[in-house]
Structure formats: C-alpha cells, structure tokens
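In: Following is a predicted model, sequence given first.
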Amino acid sequence: MNINSETHQLTIKGYKKLFDSLYPLLCLFANKYIYDMEISKDLVQDVFIKIWEDKIVFKNENNIKSYLYTSVKNKSLDYLKSKHYKSTDNFSVNQIEQLENESYFLREVVVIEASSIIEKAINTLPNKCAKIIRLSIKDFKNSEIAEELNISINTVKAQKKIAYKRLKPLLKDYFVLIALVFFD
C-alpha cells in the first residue's frame with residue numbers, strides 16, 4: 001500500500017490497491033448487517049468515496065483496516081436505523097442492539113479476515129484440489145464430492161491429502177485465528 005510518508009495520506013496507487021484488496025471483504029462484512037448485497041456494495045463504496053474526497057489521513061497502515069471496518073459497520077447500522085429501511089423492513093430494536101454490540105463486530109471481522117486468508121491459501125492449490133476442498137468446507141462428504149465432480153472417492157481422498165499437505169504450511173501461522181472462527 002502506498003502512503004505518502006509525510007502526511008500518511010493514500011496515494012492514487014495505494015488507494016486503488018486498498019480498494020481492490022478490501023472491497024470484496026468489506027461488502028461481505030456489510031452484508032452481515034444488511035442482508036442485501038447490492039445495498040452492502042453501495043455502503044462500502046460510500047465509505048471509500050469519503051476516504052478519497054475527504055483526503056482522510058491515517059497514522060499508519062494498520063489503522064486503515066480498522067477505520068474501514070468501523071466505518072462500514074457504522075454506515076450499515078445507520079442504514080438499518082434510517083426511515084427508508086424502517087418503512088420497508090422491520091428489525092426489532094433488540095436485533096439492532098445485538099448488531100451494535102462490539103463482540104458481534106469483532107467476531108464478524110475475524111470471520112471475514114480468516115475466510116480471506118483461507119481462500120487465498122486455497123487459490124494456491126491446483127484447480128481440482130481447490131474444488132474438492134471448497135466442497136469439503138461446505139460439508140460435502142467424500143462420496144458427495146466424488147459424485148458432484150464425477151470422480152472416484154479414492155481420487156477425492158488423494159486430492160484432499162495433497163491439499164492438506166500444501167495448506168498446512170500456508171495456514172500454520174493462522175491456526176489460532178482459524179480455530180477461533182470455525183471451532184467456536
């Protein structure tokens with residue numbers, strides 16, 4: 001990410017890189033609040049536009065992500081509290097209070113970040129291995145994966161073994177994060 005070292009302001013190249021890397025994750029994050037991907041995309045775009053137009057200055061690269069997640073959360077909650085939303089959908093006060101809870105926010109950030117790390121690791125696998133692992137993550141049994149991909153169960157087992165062998169070193173530093181998310 002390119003940040004002007006004197007002002008800690010994003011350069012055009014840094015802004016584009018930030019947008020390209022975080023936009024999809026932030027849309028998924030907003031969707032945890034809104035349950036409408038099109039509106040979620042609009043809210044995230046609004047946050048990026050605000051950063052650019054207001055030339056927001058960051059102390060360092062670490063607070064950019066924190067700022068973005070918090071801004072998207074706030075934008076999403078504002079949307080849920082808006083007159084337009086209240087007139088078309090009904091979220092109870094209790095449901096909105098749960099979404100405002102800091103632990104909900106932190107859990108969803110961790111889930112999105114862990115999912116992103118796992119997806120990047122899976123993308124390094126050969127195509128067949130990646131397909132098998134994605135289906136496995138969706139709780140498909142070996143027999144169901146074999147049927148879905150029109151391959152033998154032994155091929156599924158062999159490809160899983162290859163995938164796990166390749167994923168283990170890529171994900172070892174993230175074990176605690178992944179365990180927190182998926183074994184909670």
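Out: Here it is on my side, so go on.
In: number of nearby residues for residue 49?
Out: Using other C-beta atoms under 10 Å, residue 49 has 10 other residues around it. All C-beta spots, glycine's among them, are computed from the backbone N, C-alpha and C.
In: which residue packs closest to residue 163, ignoring adjacent ones?
Out: residue 129 (4.3 Å; C-beta to C-beta, 6 or more residues apart in numbering).
In: That neighbour sits in which helix or strand?
Out: Assessed by DSSP states H and E, residue 129 sits inside helix 127-137.
In: Can you give the distance from the helix or strand following that helix to the centre of its chain?
Out: Remark: after helix 127-137, the chain's next helix or strand is helix 142-149, criterion DSSP H and E. Its chain's average C-alpha position is 27 Å from that of helix 142-149, according to C-alpha atoms, centre = their mean, to the nearest Å.
In: what do you get for stretch 16-36?
Out: Distance, stretch centre to chain centre, for stretch 16-36: 7 Å (C-alpha atoms, centre = their mean).
In: buried ones in that stretch?
Out: 18-19, 22-23, 25-34 (16 or more other C-beta atoms under 10 Å).
In: that older thread, I'd like the distance between the residue nearest to residue 163 and residue 58.
Out: Distance of residue 129 to residue 58, given as C-beta to C-beta, to the nearest Å: 38 Å.
In: Comparing those two, which residue is more hemmed in?
Out: The neighbour count for residue 129 versus residue 58, taken as other C-beta under 10 Å, is higher for residue 129 (21 against 18).
In: contacting residues for that one?
Out: Taking C-beta atoms under 8 Å, 6 or more residues apart in numbering, we find residue 129 in contact with 159-160, 162-163, 166.
In: Find the least confident helix or strand in the protein, judged by mean pLDDT.
Out: The helix or strand of the chain with the lowest confidence, counting by mean pLDDT, DSSP states H and E, is strand 3-4 at a mean of 45.
In: Other residues contacting stretch 132-142?
Out: 118, 122, 125, 144-145, 148-149, 153, 156-157, 159-160, 163, 167.
In: Restricted to helices, list these.
Out: 118, 122, 144-145, 148-149, 153, 156-157, 159-160, 163, 167 (DSSP state H).
In: hang on, the earlier thing: could the contacts of residue 129 go into TSV alongside neighbour count, distance to residue 69 and pLDDT?
Out: Below are the contacts of residue 129 laid out as TSV (neighbours: other C-beta atoms under 10 Å; distance: C-beta to C-beta, whole Å; pLDDT from 0 to 100):
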residue	neighbour count	distance to residue 69	pLDDT
159	22	35	91
160	16	33	90
162	16	35	89
163	21	30	89
166	17	30	89
